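> Quick one, fold the following:
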Amino acid sequence: MTASAAVPPRLFAEPDFIRLWGVGLVVFLVRWLELLAVGLFAWQATGSAFLVTMLGMLRILPMGLFGAVMGAMAERVEARTALMVIVLTSLATSLALALLSAAGMLAVWHLAIASFVNGLAWAADNPVRRMMIGQVVGAARMGAAMSADVGSNNASRMLGPTISGLIFAAVGIGGAFFVSVLLYLPAVAAVLTLRYRSGVAVAGGEGVLARIQEGVRAVRRDRRLVGTLVVTVIFNIFGWPFTSLIPVIGQGSLALGPEAVGLLASMDGVGAFLGALAMAAWAKPALYARCYVGGMAMYLAMLTVFALVPHPLLAGAALLLTGFGQAGFSIMQATLVYTLTAPELRSRVLGLLSVCIGLGPIGFVHLGLLADAVGAPAACAISGVEGLLVLLATRRLWRAI
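Numbering: from 1, shown residues only. Purely as a prediction, here's the structure:
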């Protein structure tokens with residue numbers, strides 16, 4: 001074996017990894033940019049915290065509805081083609097909203113439809129783009145690749161809300177969507193120049209339902225996979241939904257303008273970016289499970305603190321630590337699922353991971369109803385405490401990780 005064969009090239013020496021990473025960076029940046037703009041628009045238009053959380057919920061709903069199907073079908077579709085469809089659909093959605101806003105016709109129901117469409121693209125990310133990353137870099141470098149990929153997501157969480165708040169204050173929500181369209185153009189170019197081709201699995205006798213069932217059996221046979229997915233469900237029901245109420249708490253409880261709300265929301269991304277750097281530098285395979293569960297616990301604890309503190313600086317510090325905890329959770333989530341699953345079943349189990357993420361609408365409805373009943377800060381605090389209690393109660397399920 002030659003030295004070059006024994007030591008694989010660095011991640012960013014792989015052109016196709018750079019392209020896939022770049023597509024993810026664009027998608028993440030647009031997601032956070034639009035999420036804040038949509039929340040600000042809906043809150044100003046309706047004054048309903050419940051409606052704001054429902055718009056966030058619609059971005060998650062397709063994962064629960066179609067994640068398993070997408071995972072089972074991913075192996076029957078050429079991956080680059082699927083990724084191109086995803087990017088072009090997202091671009092078209094942002095363009096339609098930008099044009100509606102420019103014409104003075106944009107309404108909340110338009111944002112609801114667009115949120116669901118974008119959720120479809122989000123649901124396909126694990127079984128398509130991240131599956132491609134694994135194939136390009138190999139299982140041995142998947143942890144490092146996910147650190148880089150999640151790191152770009154976290155960097156976008158720093159930039160996206162800040163840019164969104166500035167644009168919203170200057171020209172309104174339409175400007176945010178026009179910027180999204182421009183951002184998608186280099187992503188289209190990156191997909192067009194991808195050299196990797198997945199091929200298409202030969203159609204056998206089993207249908208989509210049978211392939212989904214085989215993925216479910218693979219999870220049930222491995223307690224580590226069961227535990228990993230249980231923690232994912234807890235995060236997406238009790239943790240993730242609180243991000244939809246950051247604009248409500250920022251404008252309502254903390255009396256901040258759009259620019260300051262954008263800066264506040266970006267603190268979560270700053271912490272997550274720093275956490276991703278720490279994971280990349282120090283997290284060894286033996287520590288993956290502790291980073292995963294420990295990061296989750298920190299996230300839930302700090303979102304509770306964020307909801308209760310009365311000062312913007314304290315709220316920003318809490319969000320910083322929230323992001324740090326999420327870095328450990330989110331990096332190890334896809335890494336654990338990918339490395340614990342047999343190669344021929346990975347796309348199916350990653351599809352099931354999307355389903356678990358897609359259970360988030362339960363949390364969004366729960367949080368939205370609480371917010372209308374007791375106020376956004378109290379609702380977030382209650383959700384965080386509930387999540388910690390459920391995490392403790394399910395220890396026997398996730399301790400096998």
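
> Can you get me a residue count around the closest residue to residue 49 other than its chain neighbours?
Spatially, and ignoring its direct neighbours in sequence, residue 49 is nearest to residue 371 (3.9 Å; C-beta to C-beta, 6 or more residues apart in numbering). Any C-beta I mention is one placed from the backbone N, CA and C, and that applies to glycine too. By other C-beta atoms under 10 Å, 27 other residues sit near residue 371.

> go on, residue 12?
Applying other C-beta under 10 Å, we find 10 residues neighbouring residue 12.

> Which helix or which strand is home to the nearest residue in space to it that is not next to it in sequence?
Take residue 12 and drop its neighbours on the chain: the residue closest to it by C-beta to C-beta, 6+ apart is residue 18, 6.0 Å away. Element membership for residue 18, per DSSP states H and E: helix 15-46.

> hey, where'd the helices end up in the stretch 51-200 of the chain?
Counting by DSSP state H, counting those that start in this stretch, the stretch 51-200 of the chain has these helices, from start to end: 79-102, 108-123, 131-137, 142-171, 173-192.

> Thought residue 235 was touching residue 363, still the case?
No - counting by C-beta atoms under 8 Å, residue 363 does not reach residue 235; the two are 9.1 Å apart.

> Any stretches of the stretch 101-250 of the chain with poor pLDDT?
199-208 (pLDDT under 70).

> How many residues are close by the residue nearest to residue 235 when sequence neighbours are not counted?
Distances taken as C-beta to C-beta, 6+ apart put residue 296 closest to residue 235, at 5.6 Å, once the chain neighbours are dropped. Residue 296 has 27 neighbours, counted by other C-beta under 10 Å.

> again with residue 138
The number of residues near residue 138, taken as other C-beta under 10 Å, comes to 11.

> Please report the distance of it from residue 12.
Between residue 138 and residue 12 the distance is 15 Å, computed by C-beta to C-beta, to the nearest Å.

> again with residue 239
31 Å.

> OK, contacts around the residue nearest to residue 235?
For residue 296, the contacting residues are 231, 234, 235, 239, 325, 328, 329, 391, by C-beta atoms under 8 Å, 6 or more residues apart in numbering.

> May I ask which helix or strand encompasses it?
helix 288-308.

> Residue 278 now?
For residue 278, the host element (DSSP H and E) is helix 258-282.

> between that helix and helix 288-308, how big is the angle?
Interaxial angle of helix 258-282 relative to helix 288-308 (axes from the mean of the first three to the mean of the last three C-alpha atoms, to 10 degrees): 160 degrees.

> that older thread, any chance of the contacts of residue 296 in TSV, with distance to residue 171 and neighbour count too?
Output for the contacts of residue 296, formatted as TSV (distance: C-beta to C-beta, whole Å; neighbours: other C-beta atoms under 10 Å):
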residue	distance to residue 171	neighbour count
231	41	26
234	39	25
235	35	25
239	33	24
325	35	24
328	37	28
329	35	25
391	42	20
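
> Out of those, flag the one nearest to residue 379.
Set against residue 379, the nearest of the contacts of residue 296 by C-beta to C-beta is residue 239 (13.2 Å).

> Might one say that the closest one is in contact with residue 302?
No - under the criterion of C-beta under 8 Å, residue 239 makes no contact with residue 302, lying 10.0 Å away.

> how far away is residue 336 from residue 160?
Taking C-beta to C-beta, one finds residue 336 at 26 Å from residue 160.

> How about residue 396?
38 Å.

> higher neighbour count, those two?
Just comparing residue 396 and residue 160: by other C-beta under 10 Å the higher neighbour count belongs to residue 160, 27 against 9.

> Quick check, the more buried one in contact with residue 27.
No - under the criterion of C-beta under 8 Å, residue 160 makes no contact with residue 27, lying 10.9 Å away.

> re the thing from before, same for the helix holding residue 278, what does it pack against?
In this structure, helix 258-282 packs against helix 15-46, helix 142-171, helix 246-251, helix 312-340, with contacts taken as 3 or more C-beta pairs under 8 Å, 6 or more residues apart in numbering; DSSP states H and E.

> most packed of these?
The highest average neighbour count among the helices and strands packed on helix 258-282, using mean count of other C-beta atoms under 10 Å, belongs to helix 246-251 at a mean of 26.

> quick one: contacts for the residue lying closest to residue 86 once chain neighbours are set aside?
Leaving aside its chain neighbours, residue 86 sits nearest to residue 121 (4.6 Å; criterion: C-beta to C-beta, 6+ apart). With contacts defined as C-beta under 8 Å, 6+ apart, residue 121 is in contact with 27, 86, 87, 89, 90.
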